[in-house]
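Asker: Give me a 3D structure for the following:
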Amino acid sequence: MKREFCHRLEARCSSRRNRASPSREIALLARGFHDAIGDSSLWEMLVRPQSLWVSLVVVYLSALLLYRLYFVSSVSRFFRQRRVINNVDKYSELLPYEKIRDDPELEAFVNTLKLLSGAPYVVFFDQSNFDVTMNHVCNLELMPGALERFAAVAFEPEAERRFRAVHPSIPVVTVDFTVIKDAIDPELENRKYVIYQLILLTRARIAAAFASKDLSFWAMQQDSIWVENFAVMDIENRFTAPLIFDVIGNDRIPEYKRMDGWICGSTFFARGGALAENFFLKLDALMRSRQSPDSAIMSYLCGHAHYQCQTMPRWIVSSSNYFRGPRDLVPIMIQVDHQSKMSKMDLFKKERFAVLRKDGSCDAGAVARLRDAARVALLEIQTKDLRDHETFSEAVYYEIRRFLNIDPYNRKKFLTVHESLV
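Answerer: Model prediction:
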C-alpha cells in the first residue's frame, strides 16, 4: 500500500515536472537561443529561477524612464511655458498701451511724421544696436527720397540723446523700455526670451498707438540692407490692403513651400485707422496668452479675411533665408537676421554690408556694391540640395487638408515654433 502510494506520488511529480510552465518555456527558448549563438553567459542568466523577475524589473524601469522622458518632460515644459507667458503678461503692465498712446511726446512725434512726403520708415533701436542703426541711416542717405521719410523710436532715453547728437533733423522719440527691463529679476527663468517677447509686444503697442492716431507707417529693422531704393517701389500705393507684410522663406528652396504666407514681421506697412489698431491690440493680447512670436500670431490673424492682409513677394523684401538659396536674383531689401557669435556690426563688416566709415561719413561706393556683397555673403549657410524631399504620403496628407480647408497654410503649426525654446 505504502509502495503503491509512493509510485503514484512519483508519477504525479514527474507529470508536473513535464507539464509546460512559463519559466520552463523561457528556459527552453533560452536553450535554443544558446544553441544558436553559443553564449553561455546569456544562457545562465535566463535559466536562473529569478530571471523572470529580473526581466520584469527591467521592463518596469524602462517604462518608467520613458514616462519620465516623454510625459513628465512634456508636462514640465508646459509649466515652463505658462511661467513665460505669465511673466510677459506681468511685466507688460509696467508700460501699458494707454500710457504709450497718450504720451504727449508720442503725439508730437506722430504729428511731425504726418508732415513727411510719404508714409514714414520707422526703425526701433536701443544702445545695443546703435552702430547698426547708424549704418542703416547711411544706407538710406544714399537712396534718393528715403532718408526724408526716415524716423526712429528709441527704447532708452540715452539712445535718443545719442541719435539726436548725430542726426538732429531726423524725427526720434523715446518709448522707455527700461522701466520694464530694469524691473526684471536678473535670475528670472528664461529672462532673455521674456525680454525678447516684451520688446516685440511693446512694438505692437506702439504700432497700435500710431494706427489709433490715423498714421500710416512702415515698421522696419535697423539690420536691413537696401540693395536698391525701396522708396521708389511705392508699395503702399501699389498694394491696396490695410496691412502689408514680408514673409519668411525662399522661393528656390522646396522645404519652404508648406510655409507659404508665413509672415516674417520685420518689414510691414499699416494704414492708420481702427482696423490696424484692432489688429495690433489683438496681437498684444495673444502674445500675453500663449508662447508664440509676433510673426506667427500675425500669420494666424491674417488667416481671417476681416484683417485684409497682403504679403510682399520675396524678390522685394527677404529675410536671411535668401542666403540659403541661389544668389542670381538679389532682393531689393534684405533683413540680415542671421544668428552669429559675432556682433551684428562685426558681421556686417565681414560680409561687406558696413557702409558707415570710422569717421562717421557714409561710403557711397560700399552702398553701390551691396548687391555684389549679398551674392557672396554667408556662403556657409547656402544649401546645395534643392531637391524636394517631400514624400508621396506627405503630399497626399497636405492635399487632403487643403481640400477640407483644415489649416491649409499651416498657420496653427507656426504658432508652436517657439515652444521648444524654453
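
Asker: taking the mean pLDDT, what do you get for the helix of greatest length in the chain?
Answerer: In the chain, with assignment by DSSP state H, the single longest helix is helix 191-212. Averaging pLDDT along helix 191-212 gives 97.

Asker: Give me the buried positions along it.
Answerer: 193-195, 197-212 (16 or more other C-beta atoms under 10 Å). Bear in mind the C-beta positions are built from the backbone N, C-alpha and C, glycine included.

Asker: Residues touching stretch 287-304, excluding its own?
Answerer: Stretch 287-304 has contacts (C-beta atoms under 8 Å, 6 or more residues apart in numbering) with 81, 84-85, 88-89, 92, 197, 200-201, 203-204, 243, 245, 248, 261-265, 268, 279, 282-283, 286, 307, 309, 409, 411-412, 414-419, 422.

Asker: Quick one, which of those residues are buried?
Answerer: Neighbour-count burial (16+ other C-beta under 10 Å) applied to these gives 81, 84-85, 88, 92, 197, 200-201, 203-204, 243, 245, 248, 261-265, 268, 279, 282-283, 286, 307, 309, 409, 411, 414-415, 418.

Asker: In strands, which of those appear?
Answerer: 243, 245, 263-265, 268, 309 (DSSP state E).

Asker: would JSON lines of those with distance to residue 103 be doable?
Answerer: Below are these laid out as JSON lines (distance: C-beta to C-beta, whole Å):
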{"residue": "243", "distance to residue 103": "24"}
{"residue": "245", "distance to residue 103": "27"}
{"residue": "263", "distance to residue 103": "28"}
{"residue": "264", "distance to residue 103": "28"}
{"residue": "265", "distance to residue 103": "24"}
{"residue": "268", "distance to residue 103": "22"}
{"residue": "309", "distance to residue 103": "28"}
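
Asker: if we take these, which one ends up nearest to residue 112?
Answerer: Ranked by distance to residue 112 (C-beta to C-beta), those are led by residue 268 at 21.3 Å.

Asker: ok, back up a step: with just CA atoms, put the longest helix of the chain into PDB.
Answerer: Presented in PDB, the C-alpha positions along helix 191-212 are these (Å, rounded to 0.1, in the frame of the first residue of the first chain):
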ATOM      1  CA  ARG A 191      15.000  86.000 -18.800                       C
ATOM      2  CA  LYS A 192      16.400  86.700 -22.300                       C
ATOM      3  CA  TYR A 193      13.400  85.200 -24.000                       C
ATOM      4  CA  VAL A 194      10.900  87.100 -21.800                       C
ATOM      5  CA  ILE A 195      12.700  90.400 -22.600                       C
ATOM      6  CA  TYR A 196      12.600  89.500 -26.300                       C
ATOM      7  CA  GLN A 197       8.900  88.800 -26.200                       C
ATOM      8  CA  LEU A 198       8.300  92.100 -24.300                       C
ATOM      9  CA  ILE A 199      10.200  94.100 -26.900                       C
ATOM     10  CA  LEU A 200       8.100  92.700 -29.600                       C
ATOM     11  CA  LEU A 201       4.900  93.300 -27.600                       C
ATOM     12  CA  THR A 202       5.900  96.900 -26.900                       C
ATOM     13  CA  ARG A 203       6.500  97.400 -30.700                       C
ATOM     14  CA  ALA A 204       2.900  96.000 -31.300                       C
ATOM     15  CA  ARG A 205       1.600  98.600 -28.800                       C
ATOM     16  CA  ILE A 206       3.400 101.400 -30.500                       C
ATOM     17  CA  ALA A 207       2.100 100.300 -33.800                       C
ATOM     18  CA  ALA A 208      -1.500 100.200 -32.400                       C
ATOM     19  CA  ALA A 209      -0.900 103.800 -31.000                       C
ATOM     20  CA  PHE A 210       0.200 105.000 -34.400                       C
ATOM     21  CA  ALA A 211      -2.800 103.400 -36.100                       C
ATOM     22  CA  SER A 212      -5.100 104.900 -33.500                       C
END
